[in-house]
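Asker: Structure, please.
(2 chains)
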Amino acid sequence: MKRWSGARLVLTLLAAAAAMAAAALLCLIVGSTGVHWPRGQERLFRLESATDSALIGLALAVAGVAYQAILRNPLADPYLLGVSSGASLAAYVWRLPAFALAGGALGVAAVSQQAFAFAGAILAVAIVLTLAGRRGRIEPVTLLLVGVIVNAINGSIFLLLNAVVRDLPGTGGPMTFLVGDLQEITSRQRGAAAIVIFCGALLLLQLSGQLNVAALDDAEATALGVRIHRLRWISLICASLVTAAAVCIGGPIGFVGLLSPHVGRLLVGPDQRRLLPISAAIGAILLMAADGLSRYLAAVNHLGTRLPVGVLTGLLGGPFFLWLLFQSRRRM
Amino acid sequence: MQPLLTACDISFAYGPTVALRSISLELAAGQVLALIGPNGSGKSTLLMTLLGHLCASGTIAWDGKDLKSWRRRELARLVAYLPQSPRHEPGQTVRQVLQLGRAPYWGAFGLESWADEQVTLQIAQLLKLDDLLDRPIEQMSGGQRQRVFIGRCLAQQPRALLLDEPNTFLDLKHQQELCQLLRQLARTQNLAVLMASHELNVAGAYCDRMVLLGGGAVAATGTADQVLRPQVLSAVYGLAIQRFEGAGGTPVVAPA
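Answerer: Residues are numbered from 1 along each chain as shown, chains lettered A, B, ... in the order given. Modelled structure (predicted):
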């Protein structure tokens, strides 16, 4: 592979954008009303759905690449690290009437759901890393176990709150929290999420060269001119911010952040500068396909209901994750 | 001539355990300096303090400028470092490992210049790696792999090379080849080389000077002939050592 020039970066970004646009066009044809080119309101609905799934998929994939690079762990993923469930729980708490009242009294009602979800994501990742770390080192399997536990605790807190307040409107209910699904959001919320995801992904792309060096030993990375601790913090915050923005639209959709970087590595190798934009496109395409499939299954009426996209990504990603875990144990 | 590295009165402790005691040394351009001593004598710790990875007391100056005044990126263009077990990503090719050496020169978004590409190719030619550029690093022998990692260091276009036991995992032939290469680089490219090593005889045959560490302090310093003496080594290593004369009068030491 030749040198990573400005022209190559632009070409890679254009190729990724073209692939996402092609996938979006295909997804526009599929809907819960059947397979045909949509008109009027139907077209708007399908376009919004494709945009949301592309945004979420892109965000989770970008976060997955960053987490895997900075934690030097091929099993790291926003869902498995508990970041998604932390963000999702915080986004849910933001909607609670008790919080709205308390927030109003304290004058913090202006704090957006995005900011709250971000705080939840950071808190979850901080807990996971603190509990999984031992003398500065994080073992892949320990990290997963702690992530699973944090996920379970977040799930239990959510179910407890949900039992008390009884299906808060606009939250999508327990199913959305547990597996993730596209939620009904306003164009303002969509715009806010898109801005956060775009800025986070752009910053991570700017750092992608340094993320290559982050794969090395700390002393090696420092000797190559990278301030490794600062890089880790910035990347961790960016990845968590992007995850929180995605969770606000789609809940904790699993395995996209795990699967996309691995498929990306098969296509372009381990260089993070190429991997980041390509994985982002793969994540977006993957989730648009899952959303399209879910709507197609509803259209042919085999199931009588529309499956949440999180169910489909789980069915696809779960076995892949087990395979990765098996490979990782064989290497240990 | 001003030395490239000047370290004065360096002391460092890991909590209550003292690792380095008042060490002073100098490293000049074109010189190969071997750092020898038993396990736990402070060789790796000294290398880390010279790079600023560990905060030690005393003064360290690179090219006449205090270590603390150097920005990380600038220092990476002056000094390259090779640890005992360098890491690489699974599936990474020789070209990608060499390209990483240009990281201190990359622009925003990790963009590489035409000069970056030329330097990488020149290093590959110098180390006879140009036919192996697209080979995954996992498929290479220990000796070839070590050449690639030295190539990554050289791609930084440094004026000094700090190596932590580069002979580990290499057979005798590859150890000799590596030391020959380092001496050649020092002579032809005016590179200053500081190499921590357990291989006393190989290091002695190829270095200009040696520093023997014992218990975190300098036990002896000088040419191989002056340092590789049974009475000096026996006191530090705690075992009886005998010395022979190798070809060309090179000292060879072995347990008695």
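Asker: When you work out contacts or count neighbours from here on, use the C-alpha atoms and nothing else.
Answerer: Fine.
Asker: quick one, what contacts the residue nearest to residue A:251 when sequence neighbours are not counted?
Answerer: Setting aside the residues directly before and after it, residue A:251 is nearest to residue A:180 in space (C-alpha to C-alpha, 6 or more residues apart in numbering or on different chains), at 4.3 Å. Taking C-alpha atoms under 8 Å, 6 or more residues apart in numbering or on different chains, we find residue A:180 in contact with A:250-254, A:308-311.
Asker: What segments of the stretch 1-150 of chain A are helices?
Answerer: Listed from the start of the chain, the stretch 1-150 of chain A has helices (DSSP state H, counting those that start in this stretch) covering A:6-29, A:40-70, A:83-95, A:97-106, A:113-132, A:140-165.
Asker: what does the third one rub up against?
Answerer: Spelled out, that is helix A:83-95. With C-alpha under 8 Å, 6+ apart as the contact definition, helix A:83-95 has outside contacts at A:78-79, A:99-100, A:113-114, A:116-125, A:151, A:154-155, A:157-158, A:168, A:171, A:177, A:240, A:243-244, A:247-248, A:251-253.
Asker: Now do the same for residue B:216: its pLDDT.
Answerer: Among the per-residue scores, residue B:216 shows a pLDDT of 93.
Asker: List phi and psi for residue B:208.
Answerer: Note on residue B:208: backbone dihedrals following degrees, to the nearest 10 are phi -90, psi -40.
Asker: what about it, neighbour count?
Answerer: Other residues within reach of residue B:208 by the criterion other C-alpha atoms under 10 Å in any protein chain shown amount to 17.
Asker: wait, what's in contact with the nearest residue to it once chain neighbours are set aside?
Answerer: Counting by C-alpha to C-alpha, 6+ apart, residue B:208 lies nearest to residue B:32, which is 5.3 Å off, once chain neighbours are set aside. If a contact means C-alpha under 8 Å, 6+ apart, then residue B:32 has B:182-183, B:186, B:192-195, B:206-209 as its contacts.
Asker: From those residues, which land in strands?
Answerer: Residues of the contacts of residue B:32 located in strands (DSSP state E): B:192-195, B:209.
Asker: Let me have those residues in a markdown table, extended by pLDDT and neighbour count.
Answerer: What follows is the ones in strands among the contacts of residue B:32, written out as a markdown table (pLDDT from 0 to 100; neighbours: other C-alpha atoms under 10 Å in any protein chain shown):
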| residue | pLDDT | neighbour count |
| --- | --- | --- |
| B:192 | 97 | 27 |
| B:193 | 97 | 27 |
| B:194 | 97 | 24 |
| B:195 | 96 | 28 |
| B:209 | 95 | 21 |
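Asker: For residue B:124, give me its contacts.
Answerer: Neighbouring residues of residue B:124 by C-alpha under 8 Å, 6+ apart: B:98, B:130, B:133, B:151.
Asker: Where does confidence bottom out across those?
Answerer: Within these, pLDDT reaches its minimum at residue B:130, with 89.
Asker: Show residues contacting the helix or strand residue B:21 falls within.
Answerer: Under the criterion of DSSP states H and E, residue B:21 resides in strand B:17-27. Residues from elsewhere that reach strand B:17-27, judged by C-alpha under 8 Å, 6+ apart: B:3-13, B:33, B:41-42, B:45-46, B:58, B:192-194, B:215-218.
Asker: Name only those of those that count as buried.
Answerer: Among the contacts of strand B:17-27, those buried by neighbour count (16 or more other C-alpha atoms under 10 Å in any protein chain shown) are B:3-8, B:10-13, B:33, B:41-42, B:45-46, B:192-194, B:215-218.
Asker: Show me the shaky parts of chain B.
Answerer: Chain B contains residues with pLDDT under 70 at B:1.
Asker: Could you name the helices and strands sitting against the helix ranked longest in it?
Answerer: In chain B, assigned by DSSP state H, the helix with the most residues is helix B:172-189. Judged by 3 or more C-alpha pairs under 8 Å, 6 or more residues apart in numbering or on different chains; DSSP states H and E, helix B:172-189 is in contact with strand B:32-36, strand B:192-197, helix B:200-206.
Asker: Now do that helix against strand B:32-36, angle only.
Answerer: Regarding helix B:172-189 and strand B:32-36, their directions subtend 140 degrees when assessed with axes from the mean of the first three to the mean of the last three C-alpha atoms, to 10 degrees.
Asker: Show me what counts as buried in helix B:172-189.
Answerer: Under 16+ other C-alpha under 10 Å, the buried positions of helix B:172-189 are B:174-176, B:178-186.
Asker: How much space separates residue A:148 from residue A:80?
Answerer: The spacing between residue A:148 and residue A:80, counted by C-alpha to C-alpha, to the nearest Å, is 7 Å.
Asker: the more surrounded of those two?
Answerer: Per other C-alpha under 10 Å, whichever of residue A:148 and residue A:80 has more neighbours is residue A:80, with 25 against 17.
Asker: So that one sits against residue A:146, correct?
Answerer: No. Using C-alpha atoms under 8 Å, residue A:80 makes no contact with residue A:146, being 9.2 Å away.
Asker: Just the helices from the stretch 1-150 of chain B, written as ranges.
Answerer: In order along the chain, the stretch 1-150 of chain B carries the following helices (DSSP H, counting those that start in this stretch): B:43-50, B:72-78, B:94-100, B:114-126, B:142-155.
Asker: just the angle between the fourth one and helix B:172-189, please?
Answerer: In this case it means helix B:114-126. Regarding helix B:114-126 and helix B:172-189, their directions subtend 130 degrees when assessed with the same axes, to 10 degrees.
Asker: Show me how far helix B:114-126 is from its chain's centre.
Answerer: With C-alpha atoms, centre = their mean, to the nearest Å as the basis, helix B:114-126 stands 22 Å off its chain's centre.
Asker: Around chain B, which positions in chain A sit nearby?
Answerer: Applying C-alpha under 8 Å from any C-alpha of the partner chain, one finds that chain A approaches chain B through A:3-6, A:205-210, A:212-213, A:215-217, A:219-220, A:222-227, A:269-271, A:273.
Asker: Which members of these occur in helices, if any?
Answerer: A:6, A:205-206, A:208-210, A:212-213, A:219-220, A:222-223, A:273.
Asker: List the buried residues of the helix or strand encompassing residue A:240.
Answerer: Element membership for residue A:240, per DSSP H and E: helix A:228-250. Using 16+ other C-alpha under 10 Å as the burial criterion, the residues of helix A:228-250 that qualify are A:228, A:231-232, A:235-250.
Asker: Report the spatially nearest residue to residue A:125, omitting neighbours in sequence.
Answerer: Taking C-alpha to C-alpha, 6+ apart, and ignoring the residues beside it in sequence, residue A:125 has residue A:83 as its nearest neighbour in space, at 5.6 Å.
Asker: how many neighbours does residue 165 have?
Answerer: Because you didn't say which chain, this covers chain A. For residue A:165, the number of neighbouring residues by other C-alpha under 10 Å comes to 12.
Asker: The chain in question should be chain B.
Answerer: For residue B:165, the number of neighbouring residues by other C-alpha under 10 Å comes to 21.
Asker: just the one 4 residues further on next, same as before
Answerer: For residue B:169, the neighbour count with other C-alpha under 10 Å is 14.
Asker: quick one: secondary structure of it?
Answerer: On the three-state scheme (DSSP: H, G, I helix; E, B strand; the rest coil), residue B:169 is labelled coil.
Asker: coming back round to it: from the contacts of residue A:180, pick the one nearest residue B:164.
Answerer: Using C-alpha to C-alpha, residue A:254 is the member of the contacts of residue A:180 that sits closest to residue B:164, with 42.7 Å.
Asker: For that closest one, what are phi and psi?
Answerer: Phi and psi for residue A:254, reported as degrees, to the nearest 10, are phi -90, psi 160.
Asker: That one against residue A:316, yeah?
Answerer: No. Proximity of residue A:254 to residue A:316 does not meet the contact threshold set by C-alpha under 8 Å, at 9.8 Å.
Asker: Look at the two and report which has more neighbours.
Answerer: Neighbour totals were compared for residue A:254 and residue A:316, and residue A:254 leads with 28 against 16 (other C-alpha under 10 Å).
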